[in-house]
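> Could you look at this predicted model? Sequence included:
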Amino acid sequence: MSHPTMIFTIVGWLLFIATAIALIYVISRARNGEKTRGATPLKKKNHADETGNDLLTYRPAIIAHEIRTPLALIRGAGELLEEGLAGDLTEQQRHFVRTMTTNTQQVIDLTESIITDLKLSRGETLSTELVDVRDIVTSTAREMRRITSTPIHVNAVGGVLNIHANATMLRQVMWNLINNSLHHGDGTSPITISVASTEDGGAQITVEDSGPGITPETQEKMFDAFTSDTTSGQGSGIGLMVSQRIIEAHGGRIMVDSLPECGTVIHVVLPKGK
């Protein structure tokens, strides 16, 4: 099998896995919704039914968790190839490797969002600690630069900006927001991320692109899963939906400011917490 054929086969399987996870996730959410609509709750639960429902609820998270490690290994191998550690690549080979790593990351993003959404849906306690918002933003931007040629600028001057937050979830929010701007941007104009402290000791983060903007109709459904309408046709909408849920779970707000032909700015305001 030639290298290009092998790479596209891998990408095809990744997209198949992503679709399967998304379908299981949707079915699980729908079934859980149906369970809450009954007028009269059962006084005694059948253990087998309860076990079946638990499996249905947790199945997407189990699948997502199990494929996350091999996906990360595939992405890492692709990044090493792209950096030339296994020898020089032609421009065409480099393009194929970039396609592999980019699509692998999209599937990883999907699995992470599904796991987080299920945790929030089950009402699990949000564990927080003092985290430096500026550090999380700058390190996430640094990681994103490895999988895109679009310039990512960060304006995070100042000292440590600590708030009480879940570092993993906050990093996921930043990844999703930057990824969203990459999809909405024109592919060449830079994305600018700014971090500033608020008067009450919290943090404000803005992610700005210079793309064609988002219509008011699209803005209304940006945070709904599977209704994403990006200019590039990419994305499921799960990432933005989960980002909104994460920010709200922290007691914060997320807002979109956009006009056609004027780009898009996403504002995130987080309290200092305790």
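Here it is on my side, so go on.
> give me the low-pLDDT residue ranges for the stretch 151-274 of the chain?
When the per-residue scores of the stretch 151-274 of the chain are filtered using pLDDT under 70, the ranges that remain are 225-237.
> Pull out the buried positions in whichever strand or helix holds residue 119.
Taking DSSP states H and E as the criterion, residue 119 maps to helix 91-121. By neighbour count, and taking 16 or more other C-beta atoms under 10 Å as the criterion, the buried residues in helix 91-121 are 93, 96-101, 103-120. For glycine as for every other residue, the C-beta is placed from the backbone atoms N, C-alpha and C.
> Equivalent analysis for stretch 240-252, please.
Of the residues in stretch 240-252, those buried under the neighbour-count criterion (16+ other C-beta under 10 Å) are 240-247, 249-250, 252.
> Secondary structure and distance to residue 128 for those - can I get that in CSV?
Output for those, formatted as CSV (DSSP: H, G, I helix; E, B strand; the rest coil; distance: C-beta to C-beta, whole Å):
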residue, secondary structure, distance to residue 128
240, helix, 22
241, helix, 21
242, helix, 17
243, helix, 17
244, helix, 18
245, helix, 15
246, helix, 12
247, helix, 13
249, helix, 10
250, coil, 8
252, coil, 12
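> Make CSV out of those residues and add distance to residue 72.
Conversion of the buried residues of stretch 240-252 to CSV gives the following (distance: C-beta to C-beta, whole Å):
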residue, distance to residue 72
240, 23
241, 23
242, 19
243, 21
244, 25
245, 24
246, 21
247, 25
249, 25
250, 26
252, 28
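> which one of those residues is nearest residue 153?
For the buried residues of stretch 240-252, the closest approach to residue 153 (C-beta to C-beta) belongs to residue 243, at 20.6 Å.
> rewinding a little: quick check: what element follows the helix holding residue 119 along the chain?
Per DSSP H and E, the first helix or strand lying C-terminal to helix 91-121 is strand 129-132.
> where along this structure do the strands fall?
For the chain, applying DSSP state E gives strands covering 129-132, 152-155, 162-165, 191-197, 203-209, 253-258, 264-270.
> I'd like to know which of those lies nearest to residue 185.
strand 203-209 (4.0 Å).
> and the strands of the chain as CSV, adding mean neighbour count?
As requested, the strands of the chain are arranged in CSV below (neighbours: other C-beta atoms under 10 Å):
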stretch, mean neighbour count
strand 129-132, 16
strand 152-155, 15
strand 162-165, 22
strand 191-197, 20
strand 203-209, 22
strand 253-258, 17
strand 264-270, 20
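> okay if I get those as a markdown table plus distance to residue 222?
Formatted as a markdown table, those follow (distance: least, C-beta to C-beta, whole Å):
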| stretch | distance to residue 222 |
| --- | --- |
| strand 129-132 | 26 |
| strand 152-155 | 21 |
| strand 162-165 | 23 |
| strand 191-197 | 17 |
| strand 203-209 | 13 |
| strand 253-258 | 6 |
| strand 264-270 | 9 |
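> Which among those strands is found nearest to residue 71?
Nearest to residue 71 among the strands of the chain is strand 152-155 (22.5 Å), distances taken as C-beta to C-beta.
> Adjacent strands (with direction) for the closest one?
Using DSSP bridges, the strands paired with strand 152-155 are strand 191-197 (parallel).
> Can you verify my assumption that residue 171 contacts residue 136?
Yes. With the criterion set as C-beta atoms under 8 Å, residue 171 and residue 136 qualify as a contacting pair; they are 5.4 Å apart.
> Those two: who's more crowded?
Neighbour count, other C-beta atoms under 10 Å: between residue 171 and residue 136, residue 136 has more, with 23 against 19.
> dump the residue contacts of the more buried one.
Taking C-beta atoms under 8 Å, 6 or more residues apart in numbering as the contact definition, residue 136 lies against 167, 170-171, 174.
> Looking at neighbours, which among those is most surrounded?
Scoring the contacts of residue 136 on neighbours with other C-beta under 10 Å, the highest-scoring entry is residue 170 at 26 neighbours.
> Return the distance of that residue relative to residue 100.
As judged by C-beta to C-beta, to the nearest Å, residue 170 and residue 100 stand 28 Å apart.
> How about residue 84?
When distance is defined by C-beta to C-beta, residue 84 is 15 Å away from residue 100.
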